[in-house]
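Chemist: Here is the input, now give the coordinates:
(chains A and B)
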Amino acid sequence: MKKSYASWIVAALIVAVDAFLCVKNPQDLDRLLINAILALSAFATLHARLLSLASAGFAAIGAYASAILAIKLGLPIWLSIPAAVLACGIVALIIGLPVLKLNDVYLAICTLGFGEIVRVSIILLPSLTGGSTGANLSTGFAYEAMKQTRTWELALALLALCYLFWATSRSKTGRALRAIRENPDAAATMGINVVVYKNGAFLASALIAGLAGAFYAHSVGSLDAGDFKFSRAVDILSYAVLGGSGAWFGPILGAGLLTALPILLRDGLRFLKDFSQLPNIVNGLALMLAIIFMPGGLAALFARRSSRASEARGEASTPGDGIEDAEEERVSGPMLAVEGLSRSFGGVAALCDVSFAIERGQVIGLIGPNGAGKTTLINTVSGIFPPSSGKIKWEGREIQGRAAHRIASGGIARSYQNIQLFGEMSVLENIVVGHHSRIHTSLAGSWLRLRSEKREERAARAEAMALIERLGLGDLADQEASKLSYGDQRRVEIARALALRPRLLLLDEPAAGMNEIETAALGDFILELKERGYTILVVEHHMDLIMKICDEIVVLNFGSKIAQGAPEEVSRNEAVLEAYLGRE
Amino acid sequence: MDLSLFANPVFLVQNLVDGLSRGALYGVYAMGFTLIFGVLDILNLAHAATFMWCAFAGYLVMAVGGLPLPAGLAAAMLAGALIALLLELLAFRPLRREGADKLSSMISSIGASLILVSLAEAAFGAQTRRFPNSVLDPKPFYIGGFSGVRISRAQILILAASVVLMVGLGLFIRRTKMGKAIRAVAASQKAARLLGIDVNGVIVVTFLVAGALAGAAGILVALLTNNIVPGMGNQIELRGLAVVILGGMGNIEGAVVGGFVLGLVETFTIAYAPGGSDIKDAIAFLILFIILLVKPNGIMGRGKADRA
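Modeler: Residues are numbered from 1 along each chain as shown, chains lettered A, B, ... in the order given. I've put the predicted structure just below:
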């Protein structure tokens, strides 16, 4: 593999240069280790597609909190550092819980403001922090009293963090984060609680930044509000962006390169010797160049980890095709009932007072001209957005307005009209995401590498593999999902929805882009699912398919239901013919 | 707290004057910032650095070049437009071509911002630059005698210039053909392209206008505070974000209203609240956070379709 060959050379070069610099000047090693920890803090958020500029702010809180506790209260650092990290966690929850429910842009804004407020607060509390006068030793931040951490302690902390990141990336949590990174909406409809994971990522980032800050305080021995200004937040971000937010080791390489580069430039080029803005300019350029020319960062140079499809194939010990027979209905009455459902977008009514019910085991067709509100209906039922009014009753319970991930784990799965796969993940991994809520090993369990996790993961992979083979995609299991043909991607979407083991399947134009043979095969497959107890709502424009598979058809036009009945009935309905063909 | 302050009408009017002129500056700054967000859906985090460079451009033209005030204003706005154009060409357009996500554009603008600020530090050092008195007479006018309300020439200039810019931008967006094209691109780049609109051209004009507004804000703030340093963008950046959130992201009228609200709240807090001047930097963040908690679309928030 040529690709991974080059990547190892790059990594080795970075390590060699850093080693050389640290031998020359041992103080640089502490700085390097702290920067690497900070890089992991930025990675934690960026990996979940969150732009947080709070790392410097949290580092400041960690640094000052630990220093104040150690010096003013005389706590030993093994108490002051955890206490400081805890403080960062509390602040992160206060900021994250409200803000991460909103659009991601708001996190960038809020964290930018947060960093500034932390810095201003430090300046405004001189009795505690020494204020803005820099390394104000007179208030008790005495060098000798402060300087307590040893380099090997920093190295140990970094190694421990690396282990945790590695173990997390292989766990259910890591997979959920990758899914959110690729497509948050699709992740939610796979039963992943996106807000919780985003908060978790932000919390982890804050804790790690706080730890790095506390280490910085006890390693450098003096603190200055200027150490944590906005440009520091940008430095930290640039490590993670240059290193790449796809894999945890990338940011560490990024930190190694960007810590060494200014030193090398200054040593190498005489005229840059007194150019104190050099590191900032290098970091700013690194940010821009990396994001424009190398969006995957250094980590992308490394070969992608195999999703171990062949292994999973061998493990498929249980006979079967990966499709579970649908569970028995829990309550009597219709499985799904939509009552007076309306949804408008800024005054335009996309759905208007639509009511119908789906009985268990039925295949219902939902048809109508473009813009009739079919996808809007699926989006409201699957919880992408709430209805403006009306009720959605799922097995007797009202679920309108419930979050998408709860609806998914409640037994309703869907596919998308415009394909929403996790494009950079393999076909196999896409489908294993569907097992999210059935893998019970906790994150702590993954860190301990419990046997139960291995067993659960292996079972999930085997089951997913069987499903892939059943859908005729066996050879493609290791492929990146976005590289597949259109028709194959549609089939992966259906497989992914089935992996949730739903009782109701919502298929939004599953045959779009398929040829006639593929469409016919899809029709047979849907009928087979029906045989096995699945209830299905299918939106389609292929009328042959609809006529062949549906027990009943609901017709929408301009957001309203204009007809409902058996296929032959509907195909003769005056209103339907008019909607499709226009008045003659 | 000194309760007699509340009974003092001169003090009240004085704070109104100060608050309105402060708010006008925030409004002018935030209009450009929110315009780019409204059209492109990205935060241009280099807007504050553009603002700072324009203050220096105006300073160089007037204090070093010896040219009169109108030339300084023009130079600052021109510099702003040029820097914004560079940002569009170097930091934003390459990412639009690649079809990268919004996060990438924000990150790219953060990098650009750091470079701009560092270059200013390298060029001008940390020392504060001030205008000579010949640029703008620092003696204020007094309304109602020496114990009356004080209003400086800079404040008059700010109020006049900001009204011109606010009305001008409003007319430009509402009444001109280019304004209509900008609104079309804001609603949907794809649809605008299908209608034969030169989307990249429209985006360039948007950046030129936003940059010129940053330039105007930069030189006006410099004239008001007479304190020009490379770090001056920091102080307005957070306030600009608070104003934009307050008014609703991408909403230009909202940015104007939000600017005045923040200017007045800050000024009155400093004047009336105990320890007010210590917490003035925190007010913007508090407003920002509270708005995000209770009304994340801003006080005048609207949907994307009819924004900008």
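Chemist: can we go C-alpha only for contacts and neighbour counts from here?
Modeler: Noted.
Chemist: Sticking with the residue in chain A positioned nearest to chain B, tell me its helix or strand.
Modeler: Going by Cα to the nearest Cα, chain B is nearest to residue A:284 of chain A, at 4.0 Å. Per DSSP states H and E: residue A:284 is located in helix A:278-293.
Chemist: what are the C-alpha coordinates of that helix, in CSV please?
Modeler: Extracted as CSV, the C-alpha positions of helix A:278-293 are listed here (Å, rounded to 0.1, in the frame of the first residue of the first chain):
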residue,chain,number,x,y,z
LEU,A,278,5.5,33.9,13.2
PRO,A,279,3.8,31.0,15.1
ASN,A,280,0.4,32.7,14.7
ILE,A,281,0.9,33.3,11.0
VAL,A,282,2.0,29.7,10.6
ASN,A,283,-1.0,28.4,12.4
GLY,A,284,-3.4,30.7,10.5
LEU,A,285,-1.9,29.5,7.2
ALA,A,286,-2.0,25.9,8.3
LEU,A,287,-5.7,26.3,9.1
MET,A,288,-6.6,27.8,5.7
LEU,A,289,-4.4,25.6,3.6
ALA,A,290,-5.4,22.4,5.4
ILE,A,291,-9.1,23.1,5.2
ILE,A,292,-8.9,24.1,1.5
PHE,A,293,-6.4,21.6,0.1
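Chemist: so what's the residue of chain B found nearest chain A closest to, chain neighbours aside?
Modeler: In chain B, the residue that lies nearest chain A is residue B:111 (4.0 Å; Cα to the nearest Cα). Among residues not flanking residue B:111 along the chain, residue A:284 sits closest, at 4.0 Å (Cα to Cα, 6 or more residues apart in numbering or on different chains).
Chemist: Now for the one you found, how many residues are close by?
Modeler: Using other Cα atoms under 10 Å in any protein chain shown, residue A:284 is surrounded by 28 other residues.
Chemist: For it, give me its contacts.
Modeler: Shown in contact with residue A:284 (Cα atoms under 8 Å, 6 or more residues apart in numbering or on different chains): A:234-235, A:238, B:110-115.
Chemist: Help me confirm that residue A:279 comes into contact with residue A:260.
Modeler: No: counting by Cα atoms under 8 Å, residue A:279 sits too far from residue A:260 to count as a contact (9.6 Å).
Chemist: longest single helix anywhere in the chain?
Modeler: Since you didn't name a chain, this refers to chain A. Counting residues, the longest helix found in chain A (DSSP state H) is helix A:194-220.
Chemist: oops, I was thinking of chain B
Modeler: helix B:9-40.
Chemist: Just the buried positions in it, please.
Modeler: For helix B:9-40, the neighbour count (16 or more other Cα atoms under 10 Å in any protein chain shown) marks B:10-12, B:14-40 as buried.
Chemist: Kindly report the same for stretch A:167-176.
Modeler: Buried, per 16+ other Cα under 10 Å, within stretch A:167-176: A:167-169, A:171-176.
Chemist: Can you give the distance of that stretch from its chain's centre?
Modeler: Here stretch A:167-176 is found 11 Å from its chain centre; the criterion is Cα atoms, centre = their mean, to the nearest Å.
Chemist: Show me where the chain dips below the pLDDT cut-off.
Modeler: If you meant another chain, say so; for now it's chain A. The model of chain A has pLDDT under 70 over residues A:1-4, A:130-147, A:303-310, A:314-322, A:326-331, A:581-584.
Chemist: You answered for a different chain; I wanted chain B.
Modeler: Those would be B:1-3, B:98-99, B:276, B:301-308, if you go by pLDDT under 70 across chain B.
Chemist: So which residues on it come close to chain A?
Modeler: B:43, B:91, B:94-95, B:103-104, B:107-115, B:118-119, B:121-122, B:238, B:241, B:278, B:281-282, B:285, B:288-289, B:292-293, B:296, B:303 (Cα under 8 Å from any Cα of the partner chain).
Chemist: Pull out the buried members of those residues.
Modeler: Buried among the residues of chain B next to chain A by 16+ other Cα under 10 Å: B:43, B:91, B:94-95, B:103-104, B:107-115, B:118-119, B:121, B:238, B:241, B:281-282, B:285, B:288-289, B:292, B:296.
Chemist: Flag every residue of chain A that's near chain B.
Modeler: Going by Cα under 8 Å from any Cα, the residues of chain A near chain B are A:49-51, A:98-99, A:102, A:105-106, A:109-110, A:112-114, A:116-117, A:120, A:124, A:231, A:234, A:275-277, A:280-281, A:283-288, A:291-292, A:346.
Chemist: Now restrict these to buried residues only.
Modeler: By 16+ other Cα under 10 Å, the residues of chain A next to chain B give A:49-51, A:98-99, A:102, A:105-106, A:109-110, A:112-114, A:116-117, A:120, A:124, A:231, A:234, A:277, A:280-281, A:283-288, A:291-292 as buried.
Chemist: what about the closest residue to residue A:355 other than its chain neighbours, which SS state?
Modeler: The shortest distance from residue A:355 to any non-neighbouring residue, by Cα to Cα, 6+ apart, is to residue A:339 (4.4 Å). Under the three-state scheme (DSSP: H, G, I helix; E, B strand; the rest coil), residue A:339 adopts strand.
Chemist: Kindly report the same for residue B:66.
Modeler: Under the three-state scheme (three-state DSSP), residue B:66 adopts coil.
Chemist: And residue A:360, by the same measure?
Modeler: coil.
Chemist: could you list every residue that touches it?
Modeler: Taking Cα under 8 Å, 6+ apart, one finds A:329, A:334-335, A:533-535 in contact with residue A:360.
Chemist: for residue B:26, same thing?
Modeler: Counted by Cα under 8 Å, 6+ apart, residue B:26 has contacts B:217, B:236, B:239-240, B:243, B:256, B:259-260, B:262-263.
Chemist: Same question for residue B:106.
Modeler: Counted by Cα under 8 Å, 6+ apart, residue B:106 has contacts B:42-45.
Chemist: okay, now the closest residue to residue A:97 other than its chain neighbours: neighbour count?
Modeler: Nearest residue to residue A:97, sequence neighbours excluded (Cα to Cα, 6+ apart): residue A:199, at 6.6 Å. Residues lying near residue A:199 (other Cα under 10 Å) number 22.
Chemist: again with the one 3 residues further on
Modeler: A count of nearby residues for residue A:202, using other Cα under 10 Å, gives 30.
Chemist: ok, and the closest non-adjacent residue to it?
Modeler: Excluding the flanking residues, the one nearest residue A:202 by Cα to Cα, 6+ apart is residue A:45, at 5.6 Å.
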